[in-house]
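**Student:** from the sequence below, what's the structure:
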Amino acid sequence: MADAGLAGRLGLLTGRAVPGIAAAIVGPGGLLDVAACGDADLAAGRPASTGMVCPWFSMTKIVTATMAMRLADQGLLDLDRPVAPLVPELAVLEPRRYRERITPRHLLAHSAGIANPVPVRWIHPADRPAPDQAALLQRLLARHRKLRFEPGARSSYSNLGTLVLGRALSNAAGRPYADLVHGEILAPLGMGMTGFAYSEDMEAQAATGYHPRRSPLRLLLPTWVIGEPAGRWVSFQRFLLDGAAYGGLVGPVLDAARFLRMHLRDGELDGTRILSPAAAASMRRISTPGRRYDLGLGWFRPARARAADPPFVEHLGGGAGFFNVIRIYPTRMVGIAVMGNATRYDIDAVAQLALR
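**Tutor:** Residues are numbered from 1 along each chain as shown. Have a look, this model is predicted:
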């Protein structure tokens, strides 16, 4: 159970900046600390908990990257062969000489040169089915045909690139992406409250997302997603992201902590091996510089944190109403997962609690 110390520190760091927040600090041997403070739903007065279910948003990408490395371990995916034969939708991209060189490694490191259109309207109500993933990818690539740079030249973050990777994984394994991730990662790791849609049990624990009422960002969203005001906040109706591979997971911080422990243990948890030690280590190895982020194979480090001591790798997950992070400090063998139900707050300060 959480101690009052971590809960108190969460409250001091976040204050009125986020209605509710949950954090889990882990080492290779298990949970070191876990706590929540604030409210999961302001109108209902429901307190935040370590079991509250939040959208993972882009934190899903580190799961997609893990799935790619697992398929590489199994011999089903070659990280250094062109990905075009697995993703026929890529045929619209230009120039051709760049398109034909894109590999899974480029997609993992966000170095394929694929555009990054703003995904602010790539959402659907949580009680409706997601769009067909192949059709979604084909439509988006047709709108954003021009590759921005030569593959491998540098790193530039791309949600669309991760959708391409998800399509490649699905075709390489011969299974729908969501089924593949559930069967190969979520279920084996015991992440029973995490998935690509809300189950009945997850609905009961779901947090409500909030955004400052005076912020203009909400004006960019579809009108159906805007919920009731709550003091200085406006709430959001429950929604899911259209693209499963780049941001579709929903689940609690306790499940994220199990995933994080697996990475701290170099690919194994409770006797179940998800990745080879070499694959897990290579994901953390920063190799591709970028303007905002320096990339490994899925994990990244903010460019501003190149000299951080101790060093860390992480993946953020932010969007309308929620902001999350999963971070590893490899030299300290400790990690932290954080989930909060506001669009922005000082999440870096919270992540540093892993060191205390």
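
**Student:** C-alpha only now, for contacts and for neighbours.
**Tutor:** Will do.

**Student:** so Thr247 sits against Phe196, correct?
**Tutor:** No, residue 247 isn't Thr; it's Gly. No. Judged on CA atoms under 8 Å, Gly247 makes no contact with Phe196 at a distance of 9.2 Å.

**Student:** report the residue spans of the chain with pLDDT below the cut-off.
**Tutor:** Counting by pLDDT under 70, the ranges of the chain that qualify are 1-4.

**Student:** so between Gly247 and Phe196, which is more surrounded?
**Tutor:** Using other CA atoms under 10 Å as the criterion, Gly247 and Phe196 rank with Gly247 on top: 27 against 24.

**Student:** now the closest residue to that one other than its chain neighbours: phi and psi?
**Tutor:** Distance criterion CA to CA, 6 or more residues apart in numbering; nearest residue to Gly247, sequence neighbours excluded, is Phe57 at 4.0 Å. In terms of degrees, to the nearest 10, the main-chain angles of Phe57 are phi 50, psi -130.

**Student:** for Phe57, list the residues it contacts.
**Tutor:** The contact partners of Phe57, taken as CA atoms under 8 Å, 6 or more residues apart in numbering, are Leu241, Tyr246, Gly247, Gly248, Leu249, Val250, Gly317, Gly318, Gly319.

**Student:** any chance of the residues you listed in CSV, with secondary structure too?
**Tutor:** Rendered in CSV, the data for the contacts of Phe57 read as follows (DSSP: H, G, I helix; E, B strand; the rest coil):
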residue, secondary structure
Leu241, strand
Tyr246, helix
Gly247, helix
Gly248, coil
Leu249, coil
Val250, strand
Gly317, strand
Gly318, strand
Gly319, strand
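
**Student:** among these, name the buried ones.
**Tutor:** Neighbour-count burial (16 or more other CA atoms under 10 Å) is assigned, among those, to Leu241, Tyr246, Gly247, Gly248, Leu249, Val250, Gly317, Gly318, Gly319.

**Student:** what bridges to Val53?
**Tutor:** Ala206 (DSSP bridges).

**Student:** contact partners for it?
**Tutor:** Val53 touches Met193, Met202, Glu203, Gln205, Ala206, Ala207, Val250, Gly251, Pro252, Val253, counting by CA under 8 Å, 6+ apart.

**Student:** keeping just the C-alphas, turn the strand ranked longest in the chain into CSV.
**Tutor:** Counting residues, the longest strand in the chain under DSSP state E turns out to be strand 30-41. C-alpha atoms of strand 30-41 as CSV (Å, rounded to 0.1, in the frame of the first residue of the first chain):
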residue,chain,number,x,y,z
GLY,A,30,9.0,-5.2,-7.4
LEU,A,31,7.1,-2.1,-6.4
LEU,A,32,9.2,0.3,-4.2
ASP,A,33,6.4,2.8,-3.6
VAL,A,34,3.0,3.6,-5.1
ALA,A,35,0.5,6.4,-4.3
ALA,A,36,-2.3,8.5,-5.7
CYS,A,37,-3.8,11.9,-4.7
GLY,A,38,-6.6,14.2,-5.9
ASP,A,39,-9.7,13.2,-7.8
ALA,A,40,-10.3,10.8,-10.7
ASP,A,41,-13.6,12.6,-11.3
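
**Student:** what residues does it touch?
**Tutor:** Under CA under 8 Å, 6+ apart, the answer for strand 30-41 is 1-4, 6-7, 10-11, 18-26, 45-50, 52, 206-208, 257, 261, 341.

**Student:** can you turn the buried part of these into a PyMOL selection?
**Tutor:** Of the contacts of strand 30-41, the buried ones go into a single PyMOL selection, burial set by 16+ other CA under 10 Å:
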select buried, resi 6+7+10+11+18+19+20+21+22+23+24+25+26+47+48+49+50+52+206+207+208+257+261+341
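
**Student:** among the contacts of strand 30-41, which lie within helices?
**Tutor:** Ala4, Leu6, Ala7, Leu10, Gly11, Ala257, Arg261 (DSSP state H).

**Student:** closest one of these to Leu71?
**Tutor:** Arg261 (20.1 Å; CA to CA).

**Student:** specify the residue positioned farthest from the middle of the chain.
**Tutor:** In terms of distance from the mean C-alpha position of the chain, Arg97 ranks first, at 30.8 Å (CA atoms, centre = their mean).

**Student:** now that one: how far from Ala168?
**Tutor:** 19 Å (CA to CA, to the nearest Å).

**Student:** cool, and Arg292?
**Tutor:** In terms of CA to CA, Arg292 sits 26 Å off from Ala168.

**Student:** what about these two, which has more around it?
**Tutor:** Ala168 (23 against 15).

**Student:** for that one, what is the enclosing helix or strand?
**Tutor:** helix 159-173 (DSSP states H and E).

**Student:** list the buried residues for the helix or strand just after that helix?
**Tutor:** Under the assignment DSSP H and E, the closest C-terminal helix or strand after helix 159-173 is helix 177-181. For helix 177-181, the buried set under the neighbour-count rule, 16+ other CA under 10 Å, comprises Tyr177, Ala178, Leu180, Val181.
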